[in-house]
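> Next comes the sequence, and after it the predicted model I'd like to discuss.
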Amino acid sequence: MSNYAYNVHKSINVYTTFFLDGPSITIQTVEIVNETEKAVLTAEVISNPLSNVSWYRGSNLLKYENSVNTTNLIIEKARCTDTRNYTVTASNTVRVNVTSSVQLIVNCKYICSSQINTAIKAFRSLKNSSKEIASIIGEKKVFKMTHNYVLHLLLY
């Protein structure tokens, strides 16, 4: 009886089925960090075969990886100007250019009016655009620089 079972087993063909699948991306849609902290944007890419992945800030390519299922974009010290949307794009032989986005929000440090006034004085000594810059930020208030790039440029 065991010989028969052996012969039957030898004659059985074992087939493994692989399904081809285009990429799907799982990503956290918002990431919030404090200024100067490390920002880690992570995406999981499910596909067969594995996908090639690109990270973009606007139209600027930041990172490219071949044949991955997990990808990270790391910003070592987040700055206020890093606040924006980042796009991850995945492609394989089944489907190309599947995209998903994550919004990075950088909580920026408060700037007191004396720092702003010092910056204005420094820019007044310049010949070009000093009056325009001074009129934009000349208010004596405490500012939180989340989306105010003019202040960022003055203080860095």
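Received it, and whenever you're ready, just let me know what you need. Residues are numbered from 1 along each chain as shown.
> low-confidence ranges in the protein?
Per-residue confidence for the chain (pLDDT under 70) gives these ranges: 1-17, 110-156.
> try it again with 80
The chain contains residues with pLDDT under 80 at 1-18, 109-156.
> which residue ranges form the helices in it?
In the chain, the helices defined using DSSP state H lie at 2-11, 113-124, 130-137, 149-155.
> Domain ranges for this structure, per the record?
Annotated domains of the chain cover 22-107, 110-155 [automatic domain parsing].
> distance between the ends of stretch 28-36?
21 Å (C-alpha to C-alpha, to the nearest Å).
> buried ones in it?
31, 33, 35 (16 or more other C-beta atoms under 10 Å). Glycine gets a C-beta too; all of them are placed from N, C-alpha and C.
> Next up, the contacts around residue 49.
20, 67, 92-94 (C-beta atoms under 8 Å, 6 or more residues apart in numbering).
> Next: residue 92.
22-23, 47-52.
> let's go with 6 Å and repeat that
Contacts for residue 92 (C-beta atoms under 6 Å, 6 or more residues apart in numbering) come out as 23, 47, 49, 51.
> Out of these, who's the most crowded?
residue 51 (29 neighbours; other C-beta atoms under 10 Å).
> Surely it is in contact with residue 93?
No. The pair residue 51 / residue 93 is not scored as a contact, 9.5 Å apart, by C-beta atoms under 6 Å.
> Any idea how many residues pack against residue 86?
By other C-beta under 10 Å, neighbour count at residue 86 equals 23.
> returning to that earlier point: and which of the contacts of residue 49 is nearest to residue 73?
For the contacts of residue 49, the residue nearest residue 73 by C-beta to C-beta is residue 67; the value is 17.5 Å.
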